[in-house]
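Visitor: Sequence first, then the predicted structure, then my questions.
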Amino acid sequence: MKTILWYQNPDLISDDILMVNGENITPPTNSLYVTNFDFLYNIEQKNKSLVLGQTYLYKLNDGFFAKGAFETKDKLGRKTPFMFYSDERNRESFIARFEKTAKLANMEYSDQLLNDLRSLSSGLSIKIFLGITALILALLLFIFSIK
């Protein structure tokens, strides 16, 4: 199983942290770091419309992707942002993998974050809903344009 966790370094002095399968990958010039960060970043950029508050979840063909903030605060008192991917295809397995990886990173998360991950619709559901809505609107426009 593959996991990738990126999070802002809470000390704000050193580089952000990237963990692949529970191991820190440093520095950012390392090709493995660049490849895995780009993977996360590309998912985030493609799915910006799916942001629901502070936390969002996206179902991919090969797993899940989540973005949010840990409870662990940085030196300025802000929650630490993260992006997380796992090739787990079951949501509960994904959440369990997230919890395990966050603990390895010594990052704290809230029960609310886990509840959000459990209750959020995945991006696929949102895309299906938007597609059906667009189809219905197009059909209505077609019907009323004939009259």
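Guide: Received, thanks.
Visitor: Could you report the neighbour count for the closest residue to Lys100 other than its chain neighbours?
Guide: Among residues not flanking Lys100 along the chain, Gly22 sits closest, at 7.9 Å (Cβ to Cβ, 6 or more residues apart in numbering). Placement of C-beta: from N, CA and C, glycine included. A count of nearby residues for Gly22, using other Cβ atoms under 10 Å, gives 13.
Visitor: in the protein, which ranges drop under the pLDDT threshold?
Guide: 48-53, 121-130, 147 (pLDDT under 70).
Visitor: Look at the most centrally placed residue in it and give its secondary structure.
Guide: In the chain, the C-alpha nearest the mean C-alpha coordinate belongs to Ala66, at 1.9 Å (Cα atoms, centre = their mean). Look at Ala66: counting by DSSP: H, G, I helix; E, B strand; the rest coil, its state is strand.
Visitor: ok, the residue nearest to Lys100 to Arg97 distance?
Guide: Distance, Gly22 to Arg97, using Cβ to Cβ, to the nearest Å: 10 Å.
Visitor: Which stretches in this structure count as helices?
Guide: Assignment of helices within the chain using DSSP state H yields the ranges 31-46, 91-104, 111-119, 123-146.
Visitor: List the buried residues of the third one.
Guide: This points to helix 111-119. Buried positions in helix 111-119, judged by neighbour count with 16 or more other Cβ atoms under 10 Å: 113, 116-117.
Visitor: Need the CA coordinates for that helix. PDB is fine.
Guide: The C-alpha coordinates for helix 111-119 follow below in PDB (Å, rounded to 0.1, in the frame of the first residue of the first chain):
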ATOM      1  CA  ASP A 111     -12.000  13.800  16.000                       C
ATOM      2  CA  GLN A 112     -13.800  16.500  13.900                       C
ATOM      3  CA  LEU A 113     -11.300  16.000  11.100                       C
ATOM      4  CA  LEU A 114     -11.900  12.300  11.100                       C
ATOM      5  CA  ASN A 115     -15.700  12.800  11.200                       C
ATOM      6  CA  ASP A 116     -15.300  15.200   8.200                       C
ATOM      7  CA  LEU A 117     -13.400  12.600   6.300                       C
ATOM      8  CA  ARG A 118     -16.100  10.100   7.000                       C
ATOM      9  CA  SER A 119     -19.000  12.300   6.100                       C
END
